[in-house]
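S.K.: What would the 3D arrangement of this be:
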Amino acid sequence: MSLEKQIRDKLTVGLTPVRLDVINESELHAGHRSSPGTGESHFRVVVVSAKFAGLSRVARHRLVNELIADELTGGVHALALSTYAPDEKQ
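M.R.: As a prediction, the model looks like this:
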């Protein structure tokens, strides 16, 4: 199973999002000095979930990081997060 699918599946189960975009941006970083060259190392995630309501941005990011901890230690080199509650401007 691809890292992209693993990330998507874990965030879907853990956050029941109303919006979830998992974008593989690895090709934008191909050949960079610290890029592992796997084709699945750099991701951008946009997630809208009611579970973020009342949480700070840091707490939201920690929650996402906890849900995908295995992926972060097993191949993901960079992760850009945009996290919103449903009533927030996106």
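
S.K.: Quickly run through the sheet partners of the host helix or strand of residue 43, with directions.
M.R.: Using DSSP states H and E, residue 43 sits in strand 42-48. Sheet pairing of strand 42-48 (DSSP bridges) gives strand 19-24 (antiparallel), strand 78-84 (parallel).

S.K.: mind checking which helix or strand of this structure has the lowest mean pLDDT?
M.R.: Lowest by mean pLDDT, DSSP states H and E among the helices and strands of the chain is helix 69-73, with a mean of 91.

S.K.: That one: which residues count as buried?
M.R.: 71, 72 (16 or more other CB atoms under 10 Å). Bear in mind the C-beta positions are built from the backbone N, C-alpha and C, glycine included.

S.K.: tell me what it is packed against?
M.R.: Using 3 or more CB pairs under 8 Å, 6 or more residues apart in numbering; DSSP states H and E as the contact test, the elements touching helix 69-73 are helix 3-15.

S.K.: at 10 Å what do you get?
M.R.: helix 3-15, helix 57-67 (3 or more CB pairs under 10 Å, 6 or more residues apart in numbering; DSSP states H and E).

S.K.: contacts for that helix?
M.R.: Applying CB atoms under 10 Å, 6 or more residues apart in numbering, the contact partners of helix 69-73 are 3, 4, 6, 7, 10, 40, 43, 64, 65, 66, 76, 79.

S.K.: again, but for stretch 46-63
M.R.: Contact with stretch 46-63 is made by 11-12, 14-23, 64, 79-88, 90, as judged by CB under 10 Å, 6+ apart.

S.K.: Figure out how far it is from the centre of its chain.
M.R.: Distance, stretch centre to chain centre, for stretch 46-63: 12 Å (CA atoms, centre = their mean, to the nearest Å).
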